[in-house]
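Trainee: Need coordinates for the following:
(one chain, ligands or ions: 1)
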Amino acid sequence: MREGAEVRSAWAALEAHHREIEGLHLRELFARDPNRFAELSVEACGIFMDFSKGRLTRGTLDLLGRLADAVDLRGWVERMFAGHPVNGTEGRAALHVALRNRGSEPIVVQGQDVMPEVNEVLARMARLSEAVRHGDWKGYTGKAIRSVVNIGIGGSDLGPAMVATALAAYGRPDLTGHFVSNLDGTDLAETLARVDPETTLFVIESKTFTTQETLTNARSARAWLVSRLGDERAVARHFVAVSTSAERVREFGIDLENMFGFWDWVGGRYSVWSAIGLPVAILVGMDRFERLLAGAHAMDEHFRTAPWTENLPAILGLLRVWYANLFGAPTHAVLPYDYALRLLPAYLQQLEMESNGKRVTRDGLPVTRPTSAVVWGAPGNNGQHAFYQLLHQGTRLVPADFIVAIEAQHELPGHQEGVLANALAQTEALMRGRSEEEARAELAAAGLAGEVLDAAVPHRVLPGNQPTTTLVYQRLTPEVLGALVALYEHEVFVQSVVWGINAFDQWGVELGKQLARVIQPELLPGAQVSGHDASTAGLIALVRRRRPLAR
Ligand code: F6P
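Mentor: This next block holds a predicted model:
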């Protein structure tokens, strides 16, 4: 569908407004409006969001709200929550919100209320996780479980790994979690070296149960366990599976008693709220996992009901559009000043880039504007000593989210004040920079003069004017984490609606998988190789020549 007149006029108004304010420095915007912080900050579900250090005015927000209305964001939100097939290319709903629907409201997909099934799986997760935690679930030799090894990739790894890491403060020292995802056997081998087969539970997670990486790792883990415990029957006490395909789980050799299901209306990157969260429930307890769901549900309700200009996901998503499309920013940084969130940037890379890295609209027409930014990041404090130089003095506009916990999850004195001071200092430095006069004055005060001072000045000037958004919460409780992740899920959806794309499919990842299936047998000695470009054919030949013969 081509853009209607209302949408075109909302974009035109934004473009005209952008021309008016793009030349303004953030220092100037702060000087002009003493209420800027109060006007450009909102709080909901335990998360305070300050976007006053963004390259915008209150008027920008109103114009972005107008764009949201023009693209019928409200209608799309309602359709998603109501279980309509918003994932058009796969004819599916995208109902991660049902997984954390802690109210009593039914959610209907194709005429059927999905809530009883959702609640039944949650009850089974509670039973298994409590049995493991209480030592009632015994391994094959009668010992309690001490290590949980999750085997999965993409959404079946990044979600549970990120959440389990974020909530590690709620864990127990006698129960450790490991996350194996990479096809390179080093990942699994290193993990197996750290665990004891008698006390290890493998959780094999795959929505499709066809994923090469996961099935290869799962087979190797199974062979390792059987060889160590000396009996095939041990598998039933040491392997559970989470998948939408009972048939493939059975074929693999895992008893359906030990399988936890979910549904095709849960996207892989949106699945941590389903039984894919099982390792989290085991490691931190089902009560904490349910608190995570409750936090996400609170954000869902906020997203659904708050006006756009007070709505955290809407503002965050519309700001992304503002920077990507009006300022042409190609990347977006995520910088958590909370070490427990160190896996969040990787998690958000999948969430944002697999969802919105698209080039055609829902109707298959080419998009008319750039879509998802390249999302990247690292824990804030480490990043300061690595890539922040480019943010301060490079030539690119890099919008960034700073994610800040007020209270730490540890008792060590003297750390948290430093973390907080650094987070706030960086947003201030990125906003104001250092002018030539300031640089001159500082160098003069340090005793430099004349030509030496003149030569030093350009290297000390920082332009500032880098937009940042600061998300602040008290402490990383399960509720806050749930709200934070749901906030990001919805801001991704907001962007997809503005661009008219489907955020819930990922057809682009298939070609590489198809080609790998062709190339793998071609690597064997004597195999026919055909149909490749000169580079790929040359590399196949090189690998074949130099590869030691199969052991
Ligand atoms: O190849 C991409 C992808 O399909 C992701 O969308 C998904 O999260 C991941 O692979 C793993 O898929 P599965 O859970 O089916 O193994």
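Trainee: Quick one: residues contacting T331.
Mentor: When the contact criterion is CB atoms under 8 Å, 6 or more residues apart in numbering, the partners of T331 are 373-376, 396, 398. (Glycine included, C-beta is placed from N, CA and C.)
Trainee: From L40, how far out is L471?
Mentor: According to CB to CB, to the nearest Å, L471 stands 14 Å off from L40.
Trainee: next one: T199
Mentor: Note on T199: its distance to L40, by CB to CB, is 52 Å.
Trainee: Compare those two and say which is more crowded by neighbours.
Mentor: Neighbours were tallied for T199 and for L40 using other CB atoms under 10 Å; the higher tally belongs to L40 (23 against 17).
Trainee: list the contacts for the more buried one?
Mentor: Taking CB under 8 Å, 6+ apart, we find L40 in contact with 50-52, 54, 56, 58, 61.
Trainee: can you give me the strands in this protein?
Mentor: Assigned by DSSP state E, the strands in the chain fall at 41-44, 47-50, 108-109, 112-113, 147-151, 176-180, 200-205, 239-243, 259-261, 331-337, 374-377, 400-405, 468-473.
Trainee: got TSV for the ones you listed, with mean pLDDT and distance to the ligand too?
Mentor: TSV is the format used below for the strands of the chain (pLDDT from 0 to 100; distance: least, CB to the nearest ligand atom, whole Å):
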stretch	mean pLDDT	distance to the ligand
strand 41-44	98	28
strand 47-50	98	26
strand 108-109	90	20
strand 112-113	92	23
strand 147-151	98	10
strand 176-180	98	13
strand 200-205	98	6
strand 239-243	98	8
strand 259-261	98	13
strand 331-337	98	19
strand 374-377	98	16
strand 400-405	98	23
strand 468-473	98	25
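Trainee: do you know which of the ones you listed lies nearest G538?
Mentor: Distance to G538, taken as CB to CB, is lowest for strand 374-377 among the strands of the chain, at 29.5 Å.
Trainee: residues making contact with that closest one?
Mentor: Residues outside strand 374-377 that contact it (CB under 8 Å, 6+ apart) are 330-336, 344-345, 348-349, 352-353, 383, 400-401.
Trainee: From those, list the buried ones, please.
Mentor: The neighbour count (16 or more other CB atoms under 10 Å) marks 331-336, 344-345, 348-349, 352-353, 383, 400-401 as buried among the contacts of strand 374-377.
Trainee: What count of nearby residues applies to L420?
Mentor: Around L420 there are 17 residues (other CB under 10 Å).
Trainee: Touching, it and N381? I think so.
Mentor: No: in this structure, L420 sits apart from N381 without contact. The criterion is CB atoms under 8 Å, and the distance is 10.8 Å.
Trainee: circling back: among the contacts of T331, which pair sits farthest apart?
Mentor: Checked with CB to CB, the contacts of T331 reach their widest spread between V375 and R396, with 14.9 Å between them.
Trainee: Low-confidence regions, the protein specifically.
Mentor: Along the chain, the model assigns pLDDT under 70 to residues 1-2, 550-551.
Trainee: remind me, longest helix of it?
Mentor: If you go by DSSP state H, the chain has its longest helix at helix 478-499.
Trainee: Give the other helices and strands that that one contacts.
Mentor: Contacts of helix 478-499 with other secondary structure elements, assessed using 3 or more CB pairs under 8 Å, 6 or more residues apart in numbering; DSSP states H and E, are made with strand 47-50, helix 58-70, helix 73-81, helix 155-166, helix 286-305, helix 312-321, helix 355-356, strand 468-473.
Trainee: Identify each buried residue in the fifth one, please.
Mentor: Right, the one you point to is helix 286-305. 286, 288-293, 295-304.
Trainee: same question, stretch 409-424
Mentor: Within stretch 409-424, the residues that qualify as buried by neighbour count (16+ other CB under 10 Å) are 409, 416, 419-420, 423.
Trainee: what sits up against it?
Mentor: Looking at what lies outside stretch 409-424 - CB under 8 Å, 6+ apart - the contacts are 169, 337-338, 340, 380-381, 384, 402, 404, 406-408, 470, 475-476.
Trainee: same thing but at 7 Å, please
Mentor: If you take CB atoms under 7 Å, 6 or more residues apart in numbering as the criterion, stretch 409-424 is touched by 169, 337, 340, 380-381, 384, 402, 404, 408, 475-476.
Trainee: which of the residues you listed count as buried?
Mentor: Buried residues within those, counting neighbours by 16+ other CB under 10 Å: 337, 340, 380-381, 384, 402, 404, 408, 476.
Trainee: ok, now how distant is H302 from the ligand?
Mentor: Remark: distance between H302 and the ligand (CB to the nearest ligand atom, to the nearest Å) = 26 Å.
Trainee: Near the ligand, which residues of this structure? Just list them.
Mentor: For the chain, the residues found near the ligand under the criterion CB under 6 Å from any ligand atom are 153-156, 206-208, 211, 214, 268-269, 354, 506, 509.
Trainee: Mind giving me the ChimeraX command for buried ones among those?
Mentor: Applied in ChimeraX, the following selects the buried portion of these according to 16+ other CB under 10 Å:
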select :153,154,155,156,206,207,211,214,268,269,354,506
